[in-house]
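In: Sequence plus predicted model, see below.
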Amino acid sequence: MSGLRQDISPVLVAALYMFTRLDEPGAVRGPLARVCCSNGVKGTLLLAREGINGTIAGSRAGIDAVLAHVRSLPGCADLEHKESFADEMPFHRMKVRLKREIVTMGVEDIDPNHIVGTYVDPKDWNALISDPDTVVIDTRNDYEVAIGTFEGAIDPHTRSFSEFPNWFRSKHNKFAGKKIAMFCTGGIRCEKSTAFAKQAGADEVYHLKGGILKYLEVVPPEESKWQGGCFVFDERVSVGHGLEPDGHVLCRACRMPLKPEDLTSALYEEGVSCHHCHSTRTDEDRARYRERHRQVKLAEARGQKHVGS
């Protein structure tokens, strides 16, 4: 990322995860939340016995302070993170949550610290997925895949990551004798999906190191095999090459990402509905959403931000 980009975009966004044993994640929560809040950092961090995962945003000094604290936790000294920049703060508040898993797969005894696929650097990814003996699998959810994926990738059409194990079991025999290359947004889902695939008996299983975000950061557009945008879980909605926001917006009723052409649908009403959710909402729902949207616009006119926006 160029120095100019950093100068004009004061909000640093850091995505991070680490699989490590946290025997008492509840004891970690309070001090971590205090470091985040005292440094003006916002976002979401998830803590579980298996580690930490999340995305945070703030000033360079604030992010550095939080990362230093995280790296002081047991087993986190080697934590890596991915950086991008936003023109405005992409989160409304700071949340540090306790969970059963830092990425929910719902399968017992999956430990990426002991078994995981072979990591592939972004610069080597194109060659792997261009091999006709490679099966390329997008491990993300259907709404994420819908706005962008790699050329030739299989879409499992899962609504949540917990559906992935059953999908893979149902397809496992079709993948026999093939290389299996998996990818996800930042790499964390593939830590578990590749571990699961290997435990299920797959031999050659590969994992895009750093995920789509790292690929879009380092691979030039003219060499890219990525098509579309990459959904991110904050107000930027979706990013493209160079991790620049690429024009997608969120439907404020259902939180689904919308392409620019989706905004021309007769079922789209800003802040109220889109083609994804119009048939699943009542007139009462839409009246409530319109009032919320009105309050958002009034706040904007006062130069304030409405949390419901």
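Out: Good, I have the coordinates.

In: per-residue pLDDT, residue 165?
Out: Predicted confidence (pLDDT) for residue 165: 96.

In: For it, identify the helix or strand it belongs to.
Out: Using DSSP states H and E, residue 165 falls within helix 164-171.

In: do the same with residue 149
Out: strand 148-150.

In: Quickly run through the sheet partners of that strand, with directions.
Out: strand 226-228 (antiparallel) (DSSP bridges).

In: I'd like the next helix or strand past the partner strand.
Out: Following strand 226-228 toward the C-terminus (DSSP H and E): strand 230-231.

In: ok, residues contacting the strand holding residue 149?
Out: Residues from elsewhere that reach strand 148-150 (Cβ atoms under 8 Å, 6 or more residues apart in numbering): 129, 136, 138, 155, 183, 225-231, 238. Using the backbone N, CA and C atoms, a C-beta is placed for each residue, glycine as well.

In: pLDDT on stretch 242-262, on average?
Out: For stretch 242-262, the mean confidence score works out to 92.

In: all numbers from here: first residue = 47
Out: Taking 47 as the first residue, the last one we looked at is stretch 288-308.

In: Quick one: distance of that stretch to the chain centre.
Out: 14 Å (Cα atoms, centre = their mean, to the nearest Å).

In: Please work out which residues outside it touch it.
Out: 47, 130-132, 189-190, 192-193, 259, 262-263, 275, 277, 281-286, 309, 314, 316-323, 326-327, 331-332, 335, 338-339, 354-355.

In: Which of the residues you listed fall in strands?
Out: 130-132, 277, 284-285 (DSSP state E).

In: In TSV: these, plus neighbour count, distance to residue 154 and pLDDT.
Out: Formatted as TSV, the ones in strands among the contacts of stretch 288-308 follow (neighbours: other Cβ atoms under 10 Å; distance: Cβ to Cβ, whole Å; pLDDT from 0 to 100):
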residue	neighbour count	distance to residue 154	pLDDT
130	26	34	88
131	19	39	89
132	20	37	89
277	23	28	95
284	21	33	94
285	25	34	93
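
In: can you list the weak-confidence ranges in this protein?
Out: Residues of the chain meeting the criterion pLDDT under 70: 47-55, 351-355.

In: domain ranges for it?
Out: 49-144, 164-274, 303-347 (automatic domain parsing).

In: Reformat the ones you listed as TSV; add distance to residue 150.
Out: TSV is the format used below for the domains of the chain (distance: least, Cβ to Cβ, whole Å):
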stretch	distance to residue 150
domain 49-144	10
domain 164-274	6
domain 303-347	20
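
In: In the longest helix out of those in the chain, which residues are buried?
Out: Determined from DSSP state H, the single longest helix within the chain is helix 329-347. Neighbour-count burial for helix 329-347 flags 332, 335, 338-339, 342 (criterion: 16 or more other Cβ atoms under 10 Å).

In: about what we covered before: please pick the buried ones from the contacts of strand 194-196.
Out: 175, 182, 184, 229, 271-272, 274-277, 284.

In: State the distance from the residue nearest to residue 263 when sequence neighbours are not counted to residue 112.
Out: In this structure, residue 263 finds its nearest non-sequential neighbour in residue 289, 5.6 Å apart by Cβ to Cβ, 6 or more residues apart in numbering. Note on residue 289: its distance to residue 112, by Cβ to Cβ, to the nearest Å, is 20 Å.
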